[in-house]
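>>> just coords:
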């Protein structure tokens, strides 16, 4: 169920009609270290409930606020995302940040994408826990002109925000990349926590053993 904050349903429908000729593209960014079934559920539910044409999975090149020792190279994370989304024609890979390299702000990335693809209307998907931090995002007021933020509802987090956010109810999947890495490190199974291809890739490349 989609919950609309600070705008009426009529206003949203009017805006959607105005951009009807544009392709409706969702973006799910993250470290994907590794990608897990929770990521796929979020992307699929948001795409279905908002009627998006595609959802682009966009791995970070150099994740901000993450211990570099815990992050594997981008090429490995990209390979796992590519395998994880291969069976869903609605999903695709966006390598803008990986190809640019280094740390980058969402604003810079979205300027690049909107200039390259003016035919797209972007819906930027974030967890409910991240909505409270939007006021701290780099050039947030300008970023809001480039994307529609979509908040994924999470128990215990407020839906209040000074910014327009589309809230989407998604089944609560208690899986995190940290959990998966810890399971692998302890020699435990991650079957049904990650797509089969990701499980095989982790084993083949001996990832997260240290």
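Cool, the structure landed. Everything numeric here is computed off the predicted structure, so don't read it as measured data.
>>> in this structure, which residue sits furthest out from the middle?
No residue in the chain sits farther from the centre than residue 187, which is 28.0 Å out by CA atoms, centre = their mean.
>>> for residue 127, which non-adjacent residue is closest in space?
Nearest non-adjacent residue to residue 127, counting by CB to CB, 6 or more residues apart in numbering: residue 152, 5.3 Å away. Every residue, glycine included, has its C-beta placed from N, CA and C.
>>> for the residue nearest the centre of the chain, grab phi and psi.
For the chain, the residue nearest the mean C-alpha position is residue 28 (1.9 Å; CA atoms, centre = their mean). Residue 28 has phi and psi values of phi -120, psi 100 when expressed as degrees, to the nearest 10.
>>> residues in contact with it?
By CB atoms under 8 Å, 6 or more residues apart in numbering, residue 28 lies in contact with 39, 42-43, 46, 55-58, 125.
>>> the residues you listed in helices, which ones?
39, 42-43, 46 (DSSP state H).
>>> list the buried residues for stretch 137-147?
Residues of stretch 137-147 classed as buried: 137, 140, 143-144, 146-147 (neighbour count, 16 or more other CB atoms under 10 Å).
>>> residue 88 - how many residues pack around it?
Residues within reach of residue 88, counting by other CB atoms under 10 Å, total 14.
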